[in-house]
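Colleague: Test case, fold it:
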Amino acid sequence: MRKLLPFAVLAFFSTIASAQEVAKFKITILSTMVTDLKGVGEWGFSALVEADSTRILFDVGGRPNTVRDNAAELKVNLSGIRQVVLSHNHSDHTTGLGAIRQQFPDGVTASVLYIAAGFFVRTAAPAGMLKADSSAYVSSGGRFVVIDRPQKIGPGIYLTGPVPRRYPEKNYVAGRTLITPGGVVDDNVPEDMSMVVRTSRGLVVLTGCGHAGIVNTLEYIAQQFPGEKVVAVVGGMHLLEAKDEQLDWTANKLKTMGIQYFLGAHCTGLNSVYRIREVTGMTKENCLVGTVGTTFDIDQGIKTGWLR
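Modeller: The predicted model follows:
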């Protein structure tokens, strides 16, 4: 007898099958290490996602004012963006929240925070959003939404929730630990999650650091969207310390998956992007280092300033 899928998984597949595709879609990088024509660079990440009429802020940078100031210089209006996704609880992705809330005290901007299950398990450095900060956020009218499995958060927009670690990619800093009820364990950033946007040309994946492993993440997404292809990967992928063997393995996996665009920002590493470009056979038109102000549009591809 055929095994029945759990109800939650069946419901998710049903949601995907009936979901609309995003017609107009654009990602704008607001925080990363390298700046181009405008803005300042930092060790952090943030991107604005615009999908039809939906606007979502994905991560909020590593210093209090970077995202706020870069957005202003890029003429990106953050006012009224209700939904914020925090890919994981490291300070280079969470610190700018307070400045954005203070800049727009309308009770709407950044009023809903999506976090993955396990977000507050971290009790040691590197500090992210502390529990005291979260209490102040809730007191100011903010609301947390905890994602423990793949979930739709808008028309054609999904979050993965925590990603299973099929392959030992270890795209995280070695030597850090977590204190859990079961004892001290390696901090492999269990709450790491990514965003998926469903377009007419395929799936677009946005990552903060990809600590779960970019291949683990993409294969998990493929399981949730059977028969659909990921065409673009954007964001931080924590490959900056990867050896050539791991980069080659990753690049060959991306090539097999048919990835058409690769925009590596933040912790991906400059040389890692170039190595992936070489191995996959991509070009400087579709495999690039993301800079502040770089955009990805599903129709126009990757647009940068002078740096390529």
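Colleague: Wait, T160 touches T217, no?
Modeller: Yes. In terms of CB atoms under 8 Å, T160 counts as a neighbour of T217; the distance is 6.7 Å. C-beta coordinates here come from the backbone N, C-alpha and C atoms, glycine included.
Colleague: of these two, who's got more company?
Modeller: Shown here are T160 and T217; by other CB atoms under 10 Å, T217 has more neighbours (27 against 24).
Colleague: so that one sits in a strand?
Modeller: No. T217: not assigned to a strand; according to DSSP: H, G, I helix; E, B strand; the rest coil it is helix.
Colleague: show me what contacts it?
Modeller: The contact partners of T217, by CB atoms under 8 Å, 6 or more residues apart in numbering, come to T160, V163, S194, V205, T207, G210.
Colleague: Touching the helix or strand containing V145 from outside, list them.
Modeller: Here V145, judged by DSSP states H and E, is contained in strand 143-147. For strand 143-147, the external contacting residues (CB under 8 Å, 6+ apart) are 111-117, 119, 134, 137-138, 153, 159-161, 193.
Colleague: Leaving out sequence neighbours, find the closest residue to F104.
Modeller: S79 (5.0 Å; CB to CB, 6 or more residues apart in numbering).
Colleague: Need the pLDDT of the nearest residue to T291 once chain neighbours are set aside.
Modeller: Closest residue to T291 apart from its sequence neighbours, by CB to CB, 6+ apart: D36 at 4.1 Å. Looking at D36, its pLDDT reads 90.
Colleague: State the distance from D36 to A71.
Modeller: Distance of D36 to A71, computed by CB to CB, to the nearest Å: 15 Å.
Colleague: which one of those two has more residues nearby?
Modeller: It is A71, of D36 and A71, that has more neighbours when counted by other CB under 10 Å, with 25 against 19.
Colleague: Can you report how many residues neighbour the nearest residue to V185 once chain neighbours are set aside?
Modeller: Closest residue in space to V185, ignoring its immediate chain neighbours: L178 at 5.4 Å, by CB to CB, 6+ apart. Counted with other CB under 10 Å, residues neighbouring L178 total 17.
Colleague: Which other helices and strands does the helix or strand L178 falls within contact?
Modeller: Secondary structure assignment for L178, by DSSP H and E: strand 177-180. Judged by 3 or more CB pairs under 8 Å, 6 or more residues apart in numbering; DSSP states H and E, strand 177-180 is in contact with strand 183-186.
Colleague: Could I get the CA-only coordinates of the strand it packs on as CSV?
Modeller: C-alpha atoms of strand 183-186 as CSV (Å, rounded to 0.1, in the frame of the first residue of the first chain):
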residue,chain,number,x,y,z
GLY,A,183,23.9,19.5,26.2
VAL,A,184,26.5,21.5,24.3
VAL,A,185,26.4,20.9,20.5
ASP,A,186,28.1,22.5,17.5
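Colleague: what about N271, helix or strand, and which?
Modeller: Secondary structure assignment for N271, by DSSP H and E: helix 270-280.
Colleague: How far off centre is that helix?
Modeller: Here helix 270-280 is found 20 Å from its chain centre; the criterion is CA atoms, centre = their mean, to the nearest Å.
Colleague: which strands and helices sit next to it?
Modeller: Helices and strands touching helix 270-280, by 3+ CB pairs under 8 Å, 6+ apart, are helix 244-257, strand 261-265, strand 287-289.
Colleague: Let me see the mean pLDDT of that helix.
Modeller: Across helix 270-280, pLDDT averages out at 98.
Colleague: contacting residues around it?
Modeller: By CB under 8 Å, 6+ apart, the residues outside helix 270-280 that reach it are 34, 237, 239-240, 242, 244, 247-248, 250-252, 254-255, 259, 262, 264, 282-284, 287-289.
Colleague: ok and it relative to helix 244-257, angle-wise?
Modeller: Interaxial angle of helix 270-280 relative to helix 244-257 (axes from the mean of the first three to the mean of the last three CA atoms, to 10 degrees): 50 degrees.
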